[in-house]
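K.L.:
Sequence and predicted structure are below.
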Amino acid sequence: QVQLVESGGGLVQAGGSLRLSCAASGRTFSNFAMAWFRQAPGKEREFVATITWSAGRTYYTNSVKGRFTISRDNAKNTVYLQMNSLKPEDTAVYYCAARTVDYLSTRSSDFAYWGQGTQVTVST
């Protein structure tokens, strides 16, 4: 049973920082690409960032480039999302996702495993 558990969400003022973590368990993730998505109230889930497991290649949605950094610790089966210069429009539930191949993708339908989500709220 694959399990993804996110943590690190919370309430922060605009301009502040948070680091989200996603701990993966249940099988070997050495060939899995990982990603972060988010869903704001009343909006569809959207792609945020993704990383391959073996080479550490990354890709970001334009709105977070230069502010967010995705990284991973293979030994701990953990993916991180460092979020700096947060804006109120970053407020959303953030989800960690894993796909069973080690290629980048921005489509939620390509990811088979999902965490329960962690709330990020950015106040003005």
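P.N.:
Sure, I can see it.
K.L.:
Give me the nearest residue to the residue nearest the centre of the chain, chain neighbours excluded.
P.N.:
Nearest residue to the geometric centre of the chain (CA atoms, centre = their mean): residue 36, 2.3 Å. Among residues not flanking residue 36 along the chain, residue 48 sits closest, at 4.3 Å (CB to CB, 6 or more residues apart in numbering). Placement of C-beta: from N, CA and C, glycine included.
K.L.:
Let me see the ranges of the strands in the chain.
P.N.:
Along the chain, the stretches classed as strands by DSSP state E are 3-7, 10-13, 18-25, 33-39, 46-51, 58-60, 68-73, 78-83, 92-99, 113-114, 118-123.
K.L.:
So for residue 106, which of these sits nearest?
P.N.:
Of all the strands of the chain, strand 46-51 sits nearest to residue 106, with 4.2 Å by CB to CB.
K.L.:
So which residues make contact with that closest one?
P.N.:
Strand 46-51 has contacts (CB atoms under 8 Å, 6 or more residues apart in numbering) with 33-39, 57-61, 64, 68, 70-72, 79, 81, 94, 104-108.
K.L.:
which stretches of the protein aren't confidently modelled?
P.N.:
Applying pLDDT under 70 to the chain flags residues 28.
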